[in-house]
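Engineer: Generate a structure from the sequence data that follows.
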Amino acid sequence: MVVNTANSVIDSQNAESHDAEKNIFTEPRNEDSRRGDDTRRGNNDPRQNKHQGKQQRQNNQPRRDKRDVHGWVILDKPIGMTSTHAVAVLKRLFQAKRAGHAGTLDPLASGGLPIALGEATKTVPFVMDGRKRYRFTVSWGEERDTDDTEGRATRTSDLRPSAEAIRALLPQFTGLIEQIPPQYSAIKVQGERAYDLARDGETVELKPRPVEIHELTLVEHIDSGQSVFEAECGKGTYVRALARDIGRILGCFGHISALRRTLVGPFRETDMIPLEQLEALCNRAASGEGSLADALLPVETALDDIPALAVTRADAARLHRGQAVLLRGRDAPNCSGTVYVTVAGRLLALAEIGNGELIPKRVFNLTGLTASSGRNNEKV
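Structural biologist: Alright, predicted model coming up:
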């Protein structure tokens with residue numbers, strides 16, 4: 001056996017407010033916005049959905065067969081689209097059996113929404129644990145109940161901060177800090193989503209949470225009362241709460257008026273594909289002029305930060321059956337923890353090394369449509 005990389009090992013994953021497993025969908029779902037809109041919630045009535053399905057069949061709309069598709073699509077999500085809707089759209093475009101996203105992006109926001117198809121859904125937690133980078137605009141003079149432009153004003157001020165005052169404050173919001181999530185967030189309070197309670201007029205006491213801000217910079221300060229920032233942060237950070245808290249300390253109040261995500265884990269802005277481009281590629285593929293595989297990044301792209309371990313075909317057969325493999329001899333790796341296992345250059349499993357054994361935790365079956373060979377060779 002040969003260890004191919006030696007990056008830091010990541011432990012098994014977290015239970016963030018947006019649980020990774022709940023981001024994975026095997027069937028199309030009607031969705032609520034994070035505001036808990038009543039009309040959208042009404043669409044979740046199963047009797048209504050059944051009636052709609054019958055009506056579609058009566059209109060002779062052909063049913064598209066689902067297929068095995070494995071890989072990552074990094075959607076450049078447009079403003080106004082919810083994350084769940086984006087997953088449903090890509091699932092339909094690829095006719096995929098299974099899909100999910102790696103971290104909710106608000107409808108107000110644009111930018112990187114990593115969408116996992118097929119076996120890539122098994123690697124979603126690794127992306128959710130990665131760093132994220134945002135570029136956002138704060139409008140000063142109003143605090144809103146949603147902490148963005150969609151809400152109603154709750155506090156106002158005629159004060160406007162100077163660039164110097166903002167820069168002097170930013171170190172307080174860098175590093176490991178305590179942050180109170182927005183009232184309109186997906187955090188559960190006694191079994192209910194905070195945004196549902198807020199929509200019903202309830203004021204919820206949300207507890208502060210530790211989050212890590214690796215970098216926070218003022219990019220541009222506009223005389224009209226707006227400032228543009230860039231932030232790189234860890235999991236669980238609410239950029240809307242950053243704008244709210246900075247505005248309160250400055251005494252001028254503020255809310256997010258524009259937000260774009262430019263980095264999610266290993267996925268950068270150069271990996272993003274606009275929805276229009278994906279739809280055009282889908283149309284070309286349907287006419288035999290291209291392949292949707294060109295839009296896919298390999299499943300293992302999400303695993304760049306953990307070691308890779310190459311095994312023999314004999315050991316691969318044992319791992320594929322769910323059996324542990326003894327690590328002996330001079331070629332045995334001297335590391336421990338999580339690794340991803342390959343055989344003949346192909347992803348096989350996620351496994352744990354411990355007590356001289358390689359124990360499979362997640363085995364991949366990559367039969368079906370996968371990333372094209374060109375994208376397999378790309379460096380993210």
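
Engineer: Run through the chain and note the low-pLDDT ranges.
Structural biologist: Applying pLDDT under 70 to the chain flags the ranges 1-64, 330-331, 373-380.

Engineer: mind redoing it with 80?
Structural biologist: Across the chain, the ranges flagged by pLDDT under 80 are 1-64, 184-192, 194-195, 197-198, 200-205, 223-224, 328-336, 372-380.

Engineer: pull the longest strand from it.
Structural biologist: strand 209-222 (DSSP state E).

Engineer: Remind me what that strand packs against, helices and strands.
Structural biologist: Strand 209-222 sits against helix 163-169, strand 175-179, strand 226-233, with contacts defined as 3 or more CB pairs under 8 Å, 6 or more residues apart in numbering; DSSP states H and E. Any C-beta I mention is one placed from the backbone N, CA and C, and that applies to glycine too.

Engineer: a markdown table please, covering those and showing mean neighbour count and distance to Pro114.
Structural biologist: Below are the helices and strands packed on strand 209-222 laid out as a markdown table (neighbours: other CB atoms under 10 Å; distance: least, CB to CB, whole Å):
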| stretch | mean neighbour count | distance to Pro114 |
| --- | --- | --- |
| helix 163-169 | 13 | 31 |
| strand 175-179 | 14 | 23 |
| strand 226-233 | 19 | 16 |
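
Engineer: just so I know, which of the ones you listed lies nearest Asp271?
Structural biologist: When the helices and strands packed on strand 209-222 are compared by CB to CB, strand 226-233 sits nearest Asp271, at 16.7 Å.

Engineer: Tell me the first helix or strand C-terminal of that closest one.
Structural biologist: Once the chain leaves strand 226-233, the next helix or strand it forms, by DSSP states H and E, is helix 239-250.

Engineer: tell me the angle of that following helix relative to strand 226-233?
Structural biologist: Relative orientation of helix 239-250 and strand 226-233, computed by axes from the mean of the first three to the mean of the last three CA atoms, to 10 degrees: 120 degrees.

Engineer: I'd like the next helix or strand past helix 239-250.
Structural biologist: Counting by DSSP H and E, the element after helix 239-250 in chain order, helix or strand, is strand 254-264.

Engineer: Excluding its own residues, what touches the following helix or strand past that next one? List them.
Structural biologist: Downstream of strand 254-264, the first helix or strand assigned by DSSP H and E is strand 267-268. Outside strand 267-268, the residues that touch it by CB atoms under 8 Å, 6 or more residues apart in numbering are 72, 74, 112, 114, 127, 262, 297, 301, 380.

Engineer: Which of those residues fall within strands?
Structural biologist: Among these, the members falling in strands (DSSP E) are 72, 74, 112, 114, 262.

Engineer: what's the closest non-adjacent residue to the second one?
Structural biologist: If the residues on either side of it in the chain are set aside, Ile74 comes closest to Asp271, at 4.3 Å by CB to CB, 6 or more residues apart in numbering.

Engineer: likewise the fourth one?
Structural biologist: The shortest distance from Pro114 to any residue that is not its chain neighbour, by CB to CB, 6+ apart, is 4.2 Å, and that residue is Ala102.

Engineer: before we move on, what about Arg318?
Structural biologist: Counting by CB to CB, 6+ apart, Arg318 lies nearest to Val325, which is 5.4 Å off, once chain neighbours are set aside.

Engineer: and the helices and strands packed on strand 209-222 as TSV, adding distance to Leu90?
Structural biologist: Shown next, in TSV, are the helices and strands packed on strand 209-222 (distance: least, CB to CB, whole Å):
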stretch	distance to Leu90
helix 163-169	38
strand 175-179	31
strand 226-233	26
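
Engineer: returning to what we had before: residues near the residue nearest to Ile74, how many?
Structural biologist: When neighbours are counted by other CB atoms under 10 Å, Asp271 registers 21.

Engineer: quick one, what contacts the residue nearest to Arg318?
Structural biologist: Contacts for Val325 were tallied using CB under 8 Å, 6+ apart; they are 311, 315, 318-319, 357-358.
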